[in-house]
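Engineer: What would the 3D arrangement of this be:
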Amino acid sequence: MTMIKFLLMVNKQGQIRLSKYYEHIDLAKRASLEVDVIKGCLSRKKEECSFVEYKDYKLVYRQYASLFVMVGVSENENELAVYELVHNFVEVLDKYFSRVSELDIMFNLEKVHVILDEMILNGHIVETNKSRILAPLLVLDKMAES
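Structural biologist: As a prediction, this is how the structure comes out:
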């Protein structure tokens, strides 16, 4: 059973910049799920908790400047572990892009997916070490240079 069901990265206007699903959800259901999740998280105040129950999921979200990272997890998942995973993901992006921005994500989506794929496999966290996460991407960058 997958622990992490999906990960979304959206801006303050609710535009999706990244979406990754770890279980099959029909496209029609996916669209309504995204609308509900984004509305639900963006409408919350900063003082409110970053964990929200939504249907069969727990939502864990964090805001970084103009970007929100939202993760849907199974009901028995540890929210704090996912909260830290989100922070680690953003730290890895910061390290790679040296202060990641929304434009970095938009124009380097394949690299962001490589980073995410190094961290999460089939909905399970498999790596948290920043150097190990970035290693394959740095090798690809060196190959592209030569």
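Engineer: Nearest residue to residue 101 in space, please, no chain neighbours.
Structural biologist: Nearest residue to residue 101, sequence neighbours excluded (C-beta to C-beta, 6 or more residues apart in numbering): residue 65, at 7.9 Å. In this view, the C-beta of every residue, glycine as well, is placed from N, C-alpha and C.
Engineer: measure that neighbour to residue 104 for me?
Structural biologist: 12 Å (C-beta to C-beta, to the nearest Å).
Engineer: The two: who's more crowded?
Structural biologist: Shown here are residue 65 and residue 104; by other C-beta atoms under 10 Å, residue 104 has more neighbours (18 against 12).
Engineer: thinking again about what came up before, mind pulling the model confidence for the residue nearest to residue 101?
Structural biologist: For residue 65, the pLDDT comes out at 89.
Engineer: what does residue 78 give?
Structural biologist: 93.
Engineer: And for residue 146?
Structural biologist: pLDDT, read off for residue 146, is 86.
Engineer: give the contact list for it.
Structural biologist: For residue 146, the contact set (C-beta atoms under 8 Å, 6 or more residues apart in numbering) is empty.
Engineer: Please identify the buried residues of the helix ranked longest in the chain?
Structural biologist: In the chain, with assignment by DSSP state H, the single longest helix is helix 79-97. For helix 79-97, a neighbour-count test (16 or more other C-beta atoms under 10 Å) marks 79, 82-83, 85-86, 88-90, 92-93, 96-97 as buried.
Engineer: Specify the local secondary structure of residue 7.
Structural biologist: Classification of residue 7 by DSSP: H, G, I helix; E, B strand; the rest coil places it in strand.
Engineer: typo on my end, it should be residue 61
Structural biologist: Here residue 61 is strand, with the state taken from three-state DSSP.
Engineer: Let me see the mean pLDDT of stretch 44-55.
Structural biologist: Averaged over stretch 44-55, pLDDT sits at 93.
Engineer: And stretch 81-99, by the same measure?
Structural biologist: Mean pLDDT, stretch 81-99: 96.
Engineer: who touches that stretch?
Structural biologist: The contact list for stretch 81-99 (C-beta under 8 Å, 6+ apart) reads 4, 50-51, 60-62, 64, 69, 71, 73, 100, 104-105, 108, 111-112, 115-116, 119-120, 125, 128, 130, 133-134, 137.
Engineer: Narrow those to those that are buried.
Structural biologist: Looks like those have 4, 50, 60-62, 64, 69, 71, 73, 100, 104-105, 108, 111-112, 115-116, 119-120, 130, 133-134, 137 buried, using 16+ other C-beta under 10 Å.
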